[in-house]
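> Below is the structure, and that's it, no one-letter string:
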């Protein structure tokens, strides 16, 4: 392989017996490395030299590299996109002690189905240009990266099925966050201390999960005033939509409510006048009060141009 100097994109798939790369192979032109279903392959060895993957930009590792328990991003300084999934033994991303430089190339970080992942580098991610984080089905992950508020370019964050996550970041959220989805992270109790109301650029918010003991939503000053789209799902105890938490959402255009079986009432003064789309799905007690334009609460939503209840368009 040492003679293939111009190799830029390398895909290794279903090579179940493959164990290693050549010792003397330094892929200086390699931009993309994709590894899937190669469990015996040892991607980065403990004594790996930093320059080996000095120009790699895209790294995907899926259901592979069982020997990989930690990954130092400093071994791949030009990395732009990192996707890791089904790596059963990955425990951490590391930042070597004494190194202060930032990894300015990384734009997107995705980690899925890594049940052993517990922590991120101490002191936060050294990735000032990161724009997207996706964490899904990491069953033992207890906390988000430190100092998230320093990631000024972070625009989207997806947190899904991380049941041990139980606290929001101490320093708050990135100020330019525009899309935020939290699904089935039931120890993350949504409240004012999250500081979402200060995120002036947040336009799309999704929250899905039990949210036990939350009978009313949203609390006053919980959501940012520039929110454009809101989706809530699976709130098992939700009974009311709170007018004090909705009345200042003057930019809200779309509201999705699903699997909130106990929801029975809309705010007395109605929903925000800016709403153009209202979607209500499944067994909500509220549906009968909105059907056929004759229900008890119809006057509160009559101004909305598109209303869909259980996939039936009624306006």
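That came in fine, so what should we check first? Because the structure is a prediction, the values reported are computed rather than measured.

> Regarding the residue in the chain sticking out farthest from the centre, what is its secondary structure?
Using Cα atoms, centre = their mean, the residue of the chain lying farthest from its centre is residue 3. It sits 41.2 Å away. At residue 3 the chain is in coil, as set by DSSP: H, G, I helix; E, B strand; the rest coil.

> any idea how far it is from residue 22?
11 Å (Cβ to Cβ, to the nearest Å). (Each C-beta comes from the backbone N, C-alpha and C, glycine too.)

> Please apply the same query to residue 277.
Taking Cβ to Cβ, one finds residue 277 at 56 Å from residue 22.

> Compare these two (neighbour count), which wins?
residue 277 (15 against 8; other Cβ atoms under 10 Å).

> Off-centre distance for the helix or strand residue 59 falls within?
Per DSSP states H and E: residue 59 is located in strand 58-62. Put simply, strand 58-62 sits 18 Å off its chain's centre (Cα atoms, centre = their mean, to the nearest Å).

> That one pairs with which strands, parallel or anti?
strand 32-36 (parallel), strand 81-85 (parallel) (DSSP bridges).

> Check which residues of it are buried.
58-62 (16 or more other Cβ atoms under 10 Å).

> residues contacting residue 231?
205-208, 255-258 (Cβ atoms under 8 Å, 6 or more residues apart in numbering).

> And for residue 230?
So residue 230 contacts 205-206, 223, 249, 252, 254-256 (Cβ under 8 Å, 6+ apart).

> Among those residues, which pair sits farthest apart?
The most widely separated members of these are 206 and 249, with 15.2 Å between them, by Cβ to Cβ.

> now the helices: where do they sit in this protein?
Using DSSP state H, the helices found in the chain span residues 243-246, 298-301.

> looking at the ones you listed, which is closest to residue 150?
Comparing these by Cβ to Cβ, helix 243-246 comes nearest, at 29.0 Å.

> can you list contacts of the closest one?
By Cβ under 8 Å, 6+ apart, helix 243-246 touches 217-223, 252, 267-269, 271-272.

> Tell me the buried residues in that helix?
243, 245-246.

> go on, stretch 76-85?
Quick answer for stretch 76-85 (16+ other Cβ under 10 Å): 76-77, 79, 81-85.

> returning to that earlier point: out of the contacts of residue 230, which comes closest to residue 104?
residue 205 (28.9 Å).

> Just give me the neighbour total for the closest one.
22.

> quick one: contacts for it?
180-181, 196, 223, 227, 229-231.

> ok, 7 Å please
Residues near residue 205 by Cβ atoms under 7 Å, 6 or more residues apart in numbering: 180, 223, 227, 230.

> Counting neighbours, what do you get for the third one?
By that I understand residue 227. 26.

> Test my guess that it contacts residue 250.
No. Between residue 227 and residue 250 there is no contact under Cβ atoms under 7 Å: 9.6 Å.

> before we move on, back to that, which pair of the buried residues of stretch 76-85 spans the longest distance?
77 and 85 (22.8 Å).

> bridging residues for the residue nearest the centre of the chain?
In the chain, the centroid-proximal residue (Cα atoms, centre = their mean) is residue 158; its distance is 0.9 Å. Listed by DSSP bridges, the beta-bridge partners for residue 158 are residue 134, residue 181.

> need the strands for the stretch 1-150 of the chain, in chain order.
9-13, 32-36, 58-62, 70-72, 81-85, 92-94, 108-112, 132-136 (DSSP state E, counting those that start in this stretch).

> Tell me where the model's unsure across the stretch 151-300 of the chain.
189-192, 282-284, 291-293 (pLDDT under 70).

> Pick the one among the buried residues of stretch 76-85 closest to residue 169.
residue 82 (20.3 Å).

> Tell me the confidence at the closest one?
We have a pLDDT of 97 for residue 82.

> Now do the contacts for it.
Counted by Cβ under 7 Å, 6+ apart, residue 82 has contacts 59, 106, 109-110.

> again, only this time at 8 Å
With Cβ under 8 Å, 6+ apart, residue 82 has these contacts: 59, 73, 106, 108-110.

> and residue 89, how many neighbours?
14.

> Using a markdown table, please lay out the contacts of residue 205 together with distance to residue 128.
A markdown table is the format used below for those (distance: Cβ to Cβ, whole Å):
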| residue | distance to residue 128 |
| --- | --- |
| 180 | 20 |
| 223 | 27 |
| 227 | 26 |
| 230 | 29 |
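
> In strands, which of the residues you listed appear?
When DSSP state E defines the strands, the subset of the contacts of residue 205 inside them is 180, 230.

> ok, so of the contacts of residue 205, who is nearest residue 139?
residue 180 (21.3 Å).

> Using CSV, lay out the strands of the stretch 1-150 of the chain together with distance to residue 239.
Output for these, formatted as CSV (distance: least, Cβ to Cβ, whole Å):
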stretch, distance to residue 239
strand 9-13, 50
strand 32-36, 46
strand 58-62, 43
strand 70-72, 45
strand 81-85, 38
strand 92-94, 41
strand 108-112, 34
strand 132-136, 30
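
> Alright, that wraps it up for me.
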